[in-house]
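Asker: Here is a sequence together with a model predicted from it:
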Number of protein chains: 6
Amino acid sequence: MIYKHFENCEIGEKVLSRARTITETDVVSFCYLTGNWLQLHSDAEFAKNTIIGERLVQGALVFSLIPGLFIISAPGIIVASYGIDKIRFLKPVKIGDTIHAESEIVEKQDKGDKGGVITQKIEVKNQKGETVQVCLWKMLISREA
Amino acid sequence: MIYKHFENCEIGEKVLSRARTITETDVVSFCYLTGNWLQLHSDAEFAKNTIIGERLVQGALVFSLIPGLFIISAPGIIVASYGIDKIRFLKPVKIGDTIHAESEIVEKQDKGDKGGVITQKIEVKNQKGETVQVCLWKMLISREA
Amino acid sequence: MIYKHFENCEIGEKVLSRARTITETDVVSFCYLTGNWLQLHSDAEFAKNTIIGERLVQGALVFSLIPGLFIISAPGIIVASYGIDKIRFLKPVKIGDTIHAESEIVEKQDKGDKGGVITQKIEVKNQKGETVQVCLWKMLISREA
Amino acid sequence: MIYKHFENCEIGEKVLSRARTITETDVVSFCYLTGNWLQLHSDAEFAKNTIIGERLVQGALVFSLIPGLFIISAPGIIVASYGIDKIRFLKPVKIGDTIHAESEIVEKQDKGDKGGVITQKIEVKNQKGETVQVCLWKMLISREA
Amino acid sequence: MIYKHFENCEIGEKVLSRARTITETDVVSFCYLTGNWLQLHSDAEFAKNTIIGERLVQGALVFSLIPGLFIISAPGIIVASYGIDKIRFLKPVKIGDTIHAESEIVEKQDKGDKGGVITQKIEVKNQKGETVQVCLWKMLISREA
Amino acid sequence: MIYKHFENCEIGEKVLSRARTITETDVVSFCYLTGNWLQLHSDAEFAKNTIIGERLVQGALVFSLIPGLFIISAPGIIVASYGIDKIRFLKPVKIGDTIHAESEIVEKQDKGDKGGVITQKIEVKNQKGETVQVCLWKMLISREA
């Protein structure tokens, strides 16, 4: 994620996030909030008979956790989330896995006075170092002065 | 969203979701779950001085609500969420707005015996009929027999 | 509710509970927990066009709150909740209403050594003193010695 | 539960719900929401010395989950929940059990223009097929035209 | 905690609270609410390499639970929480531990008509009887008449 | 709060936290988590007749929020929370107030190889700049090498 104004961001810059263990509480709370009770995530008997053999963590939950894993430190830097260009769910995340994220700036688009759009490639990895999810997140970043 | 097996899905098919009012409880619960306390969503004094003038609903929350807005009725249809090709945050969503979603099948990719990947264009609209978010969601759908 | 052993309970005894304001957070949290997003409770636009004109508090939420409104003081008194004989939703409860409950012992059934079943008539009232819900709750209560 | 207008409902019609695993998160969240911390549900040391030997899922939680286990698909069908005639807690539900519900229409009362009251017998069953809770739920259902 | 008016409280009076098992849901919910994701409480991989070897329950959570462990029975007795003089975290609390609290009145300060300040020493103990936390809590208590 | 190893901390160093609006959801969630339903925080009708005239935010909630308001950035710095020497609730916090915290190092105690105890004076302020709560928090901080 981004802690600097647009003109100070450079392509190739990387940031490593903190890690967090995904608990059953997180998975159930995401069912609560979204009202999505797909059996793959909420029915342990059903999940026993799938390829993975247990309930999976929702891909949209893993995606939603990304910004909070980074330290949101500098008020006024991120103006808005512009959009996401691609999300891919590469490997299953299970209850009890510990994930962190790694971001890299891959594109800068100058938008003049109001700043610019920074595209970051974000890889979410589990405790074994496997990439479980990847996305391209575009954010509008302000200028310094 | 998808209620039919791969071979029964047709390009152009549309589904309309139920509607749900986004409450302050939803916005705060999403801060809770994600640990993302970006001031735009959690600091009412800060938000007064932004262009919108009030706290915004998180884009990732609106995205996360989409599947739950549809009726998840047919166990065994959706095998897995494959990925998202594009998310765009088009208009701000405010606390108290009532959103629903409209999906349309825009692409089918046959994957043989295990089914196929269906791409849906999903538009999230507010109570005024304005499109606030759009995304392209790809899901692996099973065959009937 | 019951704070005494079976042999000390008398028909006609009444207990008054504490009061609690039902907030939007309670209503949304009950949607979360139950996965029941009936529009009457979760869609403010829909609710505007009903007879009441606003979202209603779920009857099952009001029912579920009853035991917690009383002080659960005496461990070992209540052995089990046996069942409920009747619940009637008499008046709508709205977000912001403050409710309390009044219980009265209406029946005792001796079950020998293991205690007995006490039936309580419980009336839930709002801040205007109107009865919004009534039920007959049967509990298995232990003996003193 | 009911997906049809009053005149189309027939006595004997049955509906099967989806299943859901009751997690520790659900039991604790119900303590949270209700403020009812009866030791049987919240104190693992106390529960070790009861007949069941572990914390029980609250009967009112199982009851509250019933409508959400069914697909609430048809807006405008259910006008209001009228009341419940009987709830019986037949077998203990434990953390980790997976429950579903089976409903059957057992009574119809015509109320003229505004529709009618449908009484459903609802049985909640666990993963072994044992009935853990039964109730008679009365709902006011609208007419088609 | 205090159930009597100021003039009826005596130094040396003790009250024993109910017990409650601290679940993973409680620990995660406290991370949610506070936005404090210190790895000691939220990262199971990190916690494996600490002296304790597993995630710890937050000290501030244990402290926050104290009043709710006692029965808050007598409306109008406690006017306000005045402050705390000392909190010490004596032993680690782990997920699954069952805690209760013991309070003792250790000081009375008469404040005239409006009542007085009662200082209580509160010890929180685990299921083995070990004191895990101790604090001195000062509360403003009303007079009877 | 502390982002540096013990030997780099200096008395008089100050850190300013982010701000956060305290919502009704936060107050109700703290009732949920703690099981403390003191009427001052949960009964709007009761609160109308108090000096403040509305429900108050719990002092223990404000205290619990402090660490999360600061950025917890440097893993391995804070070894443990040692204790709190004093908490004073100076002014009421109301639903809708926006609070932040200011910390200042006021004492260092060298504990040799394992680091040292840092005492911080922490003032919580509202949107008007009024100090609503003050505390002295002691933490065990590691050495750099």
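Answerer: Arrived safely. Treat the numbers as computed from the prediction; the structure is a model and nothing was measured. Numbers count the residues shown, from 1 in each chain, chains lettered A, B, ... in the order given.
Asker: nearest residue to the residue positioned nearest the centre of chain A other than its sequence neighbours?
Answerer: For chain A, the residue nearest the mean C-alpha position is residue A:66 (2.8 Å; Cα atoms, centre = their mean). Nearest-residue entry for residue A:66: residue A:101, 5.3 Å, with adjacent residues in sequence omitted and distances by Cβ to Cβ, 6 or more residues apart in numbering or on different chains. To be clear about C-beta, it is placed using only N, CA and C from the backbone, and glycine gets the same treatment.
Asker: in a helix, that's where the one you found is, yeah?
Answerer: No - counting by DSSP: H, G, I helix; E, B strand; the rest coil, residue A:101 falls outside a helix, being strand.
Asker: Wait, it touches residue A:125, no?
Answerer: Yes - between residue A:101 and residue A:125 a contact is recorded at 7.4 Å, counting by Cβ atoms under 8 Å.
Asker: Look at these two and report which has more neighbours.
Answerer: Under the neighbour definition other Cβ atoms under 10 Å in any protein chain shown, residue A:101 and residue A:125 were set side by side, and residue A:101 has more, 26 against 21.
Asker: In chain A, what residue spans correspond to helices?
Answerer: Taking DSSP state H, the helices of chain A run over residues A:24-34, A:39-42, A:44-48, A:59-69.
Asker: Need those in JSON lines (columns: mean pLDDT).
Answerer: Formatted as JSON lines, these follow (pLDDT from 0 to 100):
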{"stretch": "helix A:24-34", "mean pLDDT": "98"}
{"stretch": "helix A:39-42", "mean pLDDT": "92"}
{"stretch": "helix A:44-48", "mean pLDDT": "95"}
{"stretch": "helix A:59-69", "mean pLDDT": "96"}
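Asker: and these as JSON lines, adding distance to residue D:88?
Answerer: Formatted as JSON lines, the helices of chain A follow (distance: least, Cβ to Cβ, whole Å):
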{"stretch": "helix A:24-34", "distance to residue D:88": "27"}
{"stretch": "helix A:39-42", "distance to residue D:88": "26"}
{"stretch": "helix A:44-48", "distance to residue D:88": "24"}
{"stretch": "helix A:59-69", "distance to residue D:88": "37"}
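Asker: And stretch A:100-120, how far out from the chain middle?
Answerer: 15 Å (Cα atoms, centre = their mean, to the nearest Å).
Asker: now what about it, what contacts it?
Answerer: Applying Cβ atoms under 8 Å, 6 or more residues apart in numbering or on different chains, the external contacts of stretch A:100-120 come out as A:1-2, A:5-6, A:9-20, A:66, A:69-70, A:79, A:82, A:85, A:121-125, A:136-143.
Asker: Out of these, which sit inside strands?
Answerer: Taking DSSP state E as the definition of strands, those contribute A:14-16, A:20, A:79, A:82, A:85, A:121-125, A:136-141.
Asker: Give me the subset of these that also touch chain B.
Answerer: Among the ones in strands among the contacts of stretch A:100-120, the residues lying close to chain B (Cβ under 8 Å from any Cβ of the partner chain) are A:20, A:82, A:85.
Asker: Okay, and the beta partners of the first one?
Answerer: It refers to residue A:20. Beta-bridge partners of residue A:20, counted by DSSP bridges, are residue A:99.
Asker: about what we covered before: of the contacts of stretch A:100-120, grab the buried ones for PyMOL.
Answerer: Burial among those is assessed by 16 or more other Cβ atoms under 10 Å in any protein chain shown; the matching PyMOL selection reads:
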select buried, chain A and resi 1+2+5+6+9+13+15+17+18+19+20+66+69+70+79+82+85+121+122+123+124+125+136+137+138+139+140+141+142+143
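Asker: Contact partners for residue A:17?
Answerer: A:1, A:66, A:69, A:70, A:100, A:101, A:102, A:103 are the contacts of residue A:17 under Cβ under 8 Å, 6+ apart.
Asker: Is it possible to get those out as CSV so that each row also shows distance to residue A:55?
Answerer: Shown next, in CSV, are the contacts of residue A:17 (distance: Cβ to Cβ, whole Å):
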residue, distance to residue A:55
A:1, 29
A:66, 21
A:69, 22
A:70, 27
A:100, 22
A:101, 22
A:102, 26
A:103, 28
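Asker: residues near the residue of chain A at minimum distance from chain C, how many?
Answerer: Nearest residue of chain A to chain C: residue A:32, at 3.5 Å (Cβ to the nearest Cβ). Neighbours of residue A:32 under the rule other Cβ under 10 Å: 23.
Asker: With adjacent residues omitted, what lies nearest to it?
Answerer: Spatial nearest neighbour of residue A:32, excluding adjacent residues (Cβ to Cβ, 6+ apart): residue C:32 at 3.5 Å.
Asker: likewise residue A:45?
Answerer: residue D:98 (4.5 Å).
Asker: And residue A:5, by the same measure?
Answerer: Nearest residue to residue A:5, sequence neighbours excluded (Cβ to Cβ, 6+ apart): residue A:144, at 4.0 Å.
Asker: swap in residue A:85?
Answerer: That would be residue A:136: by Cβ to Cβ, 6+ apart, it lies 3.9 Å from residue A:85.
Asker: try residue A:83
Answerer: residue B:88 (4.2 Å).
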